[in-house]
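Visitor: Could you look at this predicted model? Sequence included:
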Amino acid sequence: EGIDPTWDAGVVLKPLPKVSVGDYVWVDENNDGIQDDDEVGIKDVVLTLVGPDGKPVVDVNGNPVEPTTTDENGFYEFKDLPVLEDGQSYTVSIDREASKEPLAPYVPTIETDDNRENDSSTWEAKSEGLTEDGQHDPTLDFGFVLKPEPVKTYAVGDYVWVDKNNDGLQGDSEVLDGVKVI
């Protein structure tokens, strides 16, 4: 009864089905809520991901999905995510505290429902589909515009009087009541 050590069998695990989400954080120069080809991205914006249950996601390899940061061109992506069931979605949110510096000069642009591929979401976006291996939802985009300058207001006023002695100075007896100033 001998053992023949030359009989080997190799096993390869079949890759798990996976999907991905992501896309773009950009400056909406014309404030229309739609990405135009000439509008630039915003780098260093931190984004987080939660699953359909509102809890952190574990990728197909068993690792927690950590926040991601936009690259120098404003792009981001969450990869190796588990495939979803019909009706489920992932939610991507901008981490406002972690993104405070890169977003300091901006406020969100308007939201539109024109076209998921190039319209903007405000602070949070939900994926669609992602029920089959290899799918990617590149429609979770966030547009920003420069904060408007504060409106400066001024008040002008004093007294209307009759300069009886023509000296250019208001004297106590030179008061004039009931004058409407427009």
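Guide: Done, it's in. Numbers count the residues shown, from 1 in each chain.

Visitor: List the residues that contact Tyr90.
Guide: 21, 49-52, 57, 78, 81, 84, 126-127, 130, 137 (Cβ atoms under 8 Å, 6 or more residues apart in numbering). Quick note: C-beta positions are derived from backbone N, CA and C, even for glycine.

Visitor: So which of the residues you listed sit within helices?
Guide: Counting by DSSP state H, no part of those is found in helices.

Visitor: So which of those sit within strands?
Guide: Per DSSP state E, strands hold the following members of the contacts of Tyr90: Val21, Leu49, Val50, Phe78, Leu81, Lys126, Asp137.

Visitor: Which among those residues count as buried?
Guide: Listed as buried from the ones in strands among the contacts of Tyr90 are Val21, Leu49, Val50, Phe78, Leu81, Asp137; burial here means 16 or more other Cβ atoms under 10 Å.

Visitor: separation between the first one and Gly51?
Guide: Translated: Val21. Distance from Val21 to Gly51, counting by Cβ to Cβ, to the nearest Å: 11 Å.

Visitor: swap in Asp177?
Guide: Asp177 is 72 Å from Gly51, by Cβ to Cβ.

Visitor: More neighbours: which of these two?
Guide: A count of neighbours by other Cβ atoms under 10 Å puts Gly51 above the other of Asp177 and Gly51, at 17 against 6.

Visitor: Thr6: how many residues sit nearby?
Guide: Counted with other Cβ under 10 Å, the neighbours of Thr6 add up to 5.

Visitor: Three-state assignment for it, please.
Guide: Going by DSSP: H, G, I helix; E, B strand; the rest coil, the secondary structure assigned to Thr6 is coil.

Visitor: what's Gly129 in contact with, if anything?
Guide: By Cβ under 8 Å, 6+ apart, the contact list for Gly129 reads Gln135, Asp137.

Visitor: And Ser89, how close does it get to Thr48?
Guide: 15 Å.

Visitor: So which residue is smack in the middle of this protein?
Guide: The chain has Phe142 as the residue nearest its centroid, 3.8 Å off, counting by Cα atoms, centre = their mean.
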